Each structure stands twice: as structure tokens, then as C-alpha cells.
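Asks: My questions are about this predicted structure, shown below with the sequence.
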Amino acid sequence: MDKNDIINFVEFLQKKVYKPIQIPSKIIDSALKTTIKDIQYHFKELSKKDIIRKIYSNSNELTVFLFRLGNELHLNDLDELKGQIHWLLKELCCCEIYFNNFIGEGFYVVHGEGVVIGSRNTIGKGFIIHQGCTIGHKINGSGKGNIIGNNVTLYCNSSIIGELNIGDNTIIGAHVLLNKDLEKGATAVMTSKMVLI
């Protein structure tokens, strides 16, 4: 598998969109390099070849790659191409992740169906998000977005809503609706009647 294989793969994906526009190979290459760093952050034993194979097979890695591809387009002001990748992310991975988010190295999506990451969030290294999670704003999508530290894990069907500060090394358990800041190293879990922090 070489550079041309991944370019051909992106062209294959684009056959699913209306009037595909060719994405520059340097953008695809940069997105792939970042995706490989993301995956190897958590799975050091996986080779570049293993990761590309997982991207091809529509595993969790495809979601990360499509986000990184859209983010590269955003960073390079290629707005006319972002809509295609946004559509592919929704169609193939059942996710909606805005490309104007900053997400550090080590981004990983586990069973990404239903993941929504709204706009303008700043997320640190090692972020893991599971299915059915939302990161968003309180009112009509306005606001600065959330600031999420390094090595944060968001388990299934949980939400971060507001303009919150989430400290490093925090865990947000399943089915938690978080609407206040979390300190470094905290764990938020749902009990039968309330959220414990």
C-alpha cells in the first residue's frame, strides 16, 4: 500500500457524492499522517499498513481519517470541498464532527454511530469518544465551545453541553449529561437519580 492507494481510496469514496471535486494529494497525505499518529497514540503495535487496512474496511479509523481530511481542508481554506467530506462522514460513519474543531493527537472514535461534535471546541491529546455522544453548545449553537484537556474519555450516550472546561485525565461515564466544569482527574458517573462528580 502506497500513497497512490489512499488517493485512489478517497476518489472511490467521492463517487458517493454529487459532482466530486478532486482533493489535492498533499491534503490527503497530511490527513493520513495525522490519522496514523492518532491511532498509534493508543495502539502502538499497529503499523501504518494495519491502520490503512482498517480505514479501508470502515472501522473506527475511517471516522478519524475523514475528520482529519475535512479538518485539513478547513485549515487550507478549501471550503468548496468540505461539504463532500462532511456528507461522507455522516453517510459512512453516522457521525457529525465539525471541521473547525481543534482536536489534538490521539483522537479516537469507538463505534462512532451517533457521535456529534459541534463547532469551535478545543480538545487535547488522547481524546476517546464512544457511540451516541454529543459535545455542543447551550443556546442555538452560539458560543466559544468547550475546552477539553488531554486524555479524556467520553463513554457511550454522554454529552458535554455548554462552554465548559474539562480537565486532563477525566472520565465521563455512560449516559451522563455534563453541564459544569470538571477538574483534572475527575470521574463523572450517572446514578439512579443524579450525576456524581
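Replies: Looks like it arrived, so ask away. Numbering: from 1, shown residues only.

Asks: Surely F67 is in contact with N100?
Replies: No - between F67 and N100 there is no contact under Cβ atoms under 8 Å: 11.4 Å. The way it works is simple: take the backbone N, C-alpha and C, and place the C-beta from them, glycine included.

Asks: So between the two, which is more surrounded?
Replies: Neighbours were counted for F67 and for N100 using other Cβ atoms under 10 Å; F67 has more, 29 against 14.

Asks: so how far is H137 from that one?
Replies: Per Cβ to Cβ, to the nearest Å, F67 is found 19 Å from H137.

Asks: Please apply the same query to C94.
Replies: 21 Å.

Asks: max-length helix in the protein?
Replies: If you go by DSSP state H, the chain has its longest helix at helix 25-42.

Asks: for I161, what are its contacts?
Replies: Residues counted as contacts of I161 (Cβ atoms under 8 Å, 6 or more residues apart in numbering) are T134, G136, H137, K138, L177, L178, N179.

Asks: N60 too?
Replies: Neighbour list for N60: K54, Y108, V109, V110, H111, G112 [criterion: Cβ under 8 Å, 6+ apart].

Asks: Just the ones of these in strands?
Replies: Among the contacts of N60, the residues falling in strands (DSSP state E) are Y108, V109, V110.

Asks: excluding its backbone neighbours, what's nearest the second one?
Replies: I take that to be V109. Using Cβ to Cβ, 6 or more residues apart in numbering and skipping the chain neighbours, the partner closest in space to V109 is T63 (4.4 Å).

Asks: any idea of the angle the helix or strand harbouring that neighbour forms with helix 25-42?
Replies: Counting by DSSP states H and E, the element that carries T63 is helix 60-75. Interaxial angle of helix 60-75 relative to helix 25-42 (axes from the mean of the first three to the mean of the last three Cα atoms, to 10 degrees): 130 degrees.

Asks: C93 contacts V64, doesn't it?
Replies: No - with contact defined as Cβ under 8 Å, C93 does not reach V64; the gap is 9.4 Å.

Asks: which of these two has more neighbours?
Replies: Higher neighbour count among C93 and V64: V64, with 27 against 22, using other Cβ under 10 Å.
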